[in-house]
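Asks: using only what follows, build the 3D model:
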Amino acid sequence: MNCIGWIGLVFVFSASGLRAGSGVSIPEAVVREAFDGSSGTFFMIECSTGLVSDFDSERSAERLPPCSTFKIWNLLIGIEAGLVKSADEAFYHWDGEVRAIAGWNKDLTVRDAFQASCVPAFQELARKIGKDRMDRWIHKIGYGDENTSAGIDVFWLPAKGRTPILISPAEQAQLMCRLASGKVPFSENSLVILREVMEFKTTDIGTLYGKTGSGESLNGEHRIGWFVGYVIGKRGVFAFACNLQGDGVSGMDARAATITILERQGLL
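Replies: Below you'll find the model as predicted:
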């Protein structure tokens, strides 16, 4: 069923899983060019039909630490818990500790903290949510392997000697499709606030929503970079997960690769 020069298989995603089908196909050359020599996977779902394009199915099935992409769900749970009321409210009060990322060394609104990917801000939110409430929501969502045993404020962050929660790129994209389609157990108010802070880029063709994530692989041998989200535009709603692996890669690299792919496919 493979077509040379195109991503191997197109699948249909349904409640019963993935099955082969026909639909959106992204040329393999487009993905490889966007990855610029990095190894990785790009998994995309056309949400109205469930059709999937999967570049490197072995990698897209591999569960990895989500890094800061988990901030999407951390924020949604915080809003549902009544801990966050709006995108532009005061959220993070800098503790005075100077950190390597300059954007974290100041007070931040919810929007600012999300876009700056401020780890200490969302660690504080996770502590306020608490382990029991966090675990209930993670189970309700069906997030990866649902393992938060590493600690309430670090379980999504990879580190030596720590076993973080793990989720595959395919699972990330499936959750993004449910999120974009409103098929998640959160109020419309929570989803509206999240969309406000997730919006990254708008063109005449569509609007891109997403979150980066960067960190170490489980074995510590290389870096991983995530970009997960969805695009809403003239051709419909497409959810995706991009994961790159290699020396020096980051979420910004995964985001740049995703934008290149979406633009080349006329989706952004």
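Asks: check contacts around the most centrally placed residue in the chain.
Replies: With distances taken as CA atoms, centre = their mean, V228 lies nearest the centre of the chain, 3.0 Å away. Shown in contact with V228 (CB atoms under 8 Å, 6 or more residues apart in numbering): T69, I72, P169, Q172, A173, M176, G210, K211, G213, F240, A241, C242. The C-beta positions use only the backbone N, C-alpha and C, and glycine is treated the same way.
Asks: which of these tops the neighbour count?
Replies: Ranked by the number of neighbours (other CB atoms under 10 Å), the contacts of V228 place C242 first, at 32 neighbours.
Asks: just checking: what are the partner strands of the helix or strand hosting it?
Replies: Per DSSP states H and E, C242 falls inside strand 236-246. Counting by DSSP bridges, the strands paired with strand 236-246 are strand 39-46 (antiparallel), strand 223-233 (antiparallel).
Asks: nearest to I129, out of those strands?
Replies: Among these, the nearest to I129 by CB to CB is strand 223-233 (20.7 Å).
Asks: follow-up on the earlier one: tell me the bridge partners for the residue nearest to the centre of the chain.
Replies: Bridge pairing for V228 - DSSP bridges - gives K211, A241.
Asks: and the longest helix along the chain, which residues are buried?
Replies: Secondary structure of the chain per DSSP state H: the longest helix is helix 251-264. Residues of helix 251-264 classed as buried: 251, 253-264 (neighbour count, 16 or more other CB atoms under 10 Å).
Asks: name the residues of stretch 228-243 that are buried.
Replies: Buried-residue list, stretch 228-243, by 16+ other CB under 10 Å: 228-233, 235, 237-243.
Asks: follow-up on the earlier one: pLDDT averaged over the strand holding C242 - what is it?
Replies: The average pLDDT within strand 236-246 is 97.
Asks: ok, stretch 70-80 next?
Replies: 98.
Asks: export the strands paired with strand 236-246 to CSV and tack on mean pLDDT and distance to S53?
Replies: Output for the strands paired with strand 236-246, formatted as CSV (pLDDT from 0 to 100; distance: least, CB to CB, whole Å):
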stretch, mean pLDDT, distance to S53
strand 39-46, 97, 5
strand 223-233, 97, 13
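Asks: run through the residues that contact the closest residue to S187 other than its chain neighbours.
Replies: Spatial nearest neighbour of S187, chain neighbours left out: E80 (6.7 Å); criterion: CB to CB, 6 or more residues apart in numbering. Neighbouring residues of E80 by CB under 8 Å, 6+ apart: W137, F186, S187, S190.
Asks: checking A170 next. Helix, strand or coil?
Replies: Assigned with DSSP: H, G, I helix; E, B strand; the rest coil, A170 falls in the helix class.
Asks: for N189, same thing?
Replies: Assigned with three-state DSSP, N189 falls in the helix class.
Asks: from L108, how far off is it?
Replies: N189 is 21 Å from L108, where distance means CB to CB, to the nearest Å.
Asks: the two: which has the busier surroundings?
Replies: Neighbours per residue (other CB under 10 Å) separate N189 from L108, with L108 holding more: 21 against 12.
Asks: list phi and psi for the more buried one.
Replies: The phi and psi values for L108, taken as degrees, to the nearest 10, are phi -140, psi 150.
Asks: that one and F91 touch, don't they?
Replies: Yes: counting by CB atoms under 8 Å, F91 is a contact partner of L108 at 5.8 Å.
Asks: what's the overlap in contacts for those two?
Replies: A121.
Asks: okay, now L157: neighbour count?
Replies: L157: 22 neighbours (other CB under 10 Å).
Asks: make that A29, sorry
Replies: Residues near A29, counting by other CB under 10 Å, number 11.
Asks: what are the ranges of the strands in the stretch 101-250 of the chain?
Replies: Per DSSP state E, counting those that start in this stretch, the stretch 101-250 of the chain carries strands over the ranges 108-109, 199-202, 206-216, 223-233, 236-246.
Asks: skipping adjacent residues, who's closest to I79 in space?
Replies: Per CB to CB, 6+ apart, closest to I79 is S190, 4.2 Å.
Asks: check contacts around the one you found.
Replies: Residues in contact with S190, defined by CB under 8 Å, 6+ apart, are L76, I79, E80.
Asks: good, wrapping up.
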